[in-house]
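*Asks:* Okay, here's the prediction I keep looking at, along with the sequence it came from:
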Amino acid sequence: MYLLREIEKFLREMDMAWTKFGRLSVRDPRFVEDLRNGRQPGKKISQRAEHFMNKWRADHAG
């Protein structure tokens, strides 16, 4: 699953807890755990998560 791989990479790079990621990106603290357990997010949720990662990286680059 491409999205989960990207999220896992992001979590390592940013040293962010998976619950924080879910809460901030899609307002669901269990989002990453659910993905790890096979959840298939819809296009809109996937786009929100990807947008969050891109924006966070841009805002915290340095």
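*Replies:* Everything's here; your move.

*Asks:* pLDDT below threshold where in the chain?
*Replies:* Confidence mapping of the chain against pLDDT under 70 gives zero matching residues.

*Asks:* what about residue 59, how many neighbours?
*Replies:* Neighbours of residue 59 under the rule other CB atoms under 10 Å: 8. Any C-beta I mention is one placed from the backbone N, CA and C, and that applies to glycine too.

*Asks:* what's the spacing between it and residue 49?
*Replies:* As for residue 59, its distance to residue 49 is 16 Å (criterion: CB to CB, to the nearest Å).

*Asks:* same deal with residue 26?
*Replies:* 6 Å.

*Asks:* Comparing these two, which residue is more hemmed in?
*Replies:* A side-by-side neighbour count of residue 26 and residue 49, using other CB under 10 Å, places residue 49 first with 24 against 17.

*Asks:* check contacts around that one.
*Replies:* Contacts of residue 49 were listed using CB atoms under 8 Å, 6 or more residues apart in numbering, and they are 3, 7, 25-26, 31, 41.

*Asks:* The helix or strand containing it: which residues count as buried?
*Replies:* When elements are defined using DSSP states H and E, residue 49 is found to belong to helix 43-59. For helix 43-59, the neighbour count (16 or more other CB atoms under 10 Å) marks 45-46, 48-50, 52-53, 56 as buried.

*Asks:* Pick the one among the residues you listed closest to residue 35.
*Replies:* residue 49 (9.1 Å; CB to CB).

*Asks:* is it true that residue 45 touches residue 26?
*Replies:* Yes. Counting by CB atoms under 8 Å, residue 26 is a contact partner of residue 45 at 5.5 Å.

*Asks:* Now do the phi/psi pair for the closest residue to residue 28 other than its chain neighbours.
*Replies:* Closest residue to residue 28 in three dimensions, ignoring its sequence neighbours and counting by CB to CB, 6 or more residues apart in numbering: residue 22, at 5.0 Å. Reported as degrees, to the nearest 10, the phi and psi values for residue 22 are phi -60, psi -40.
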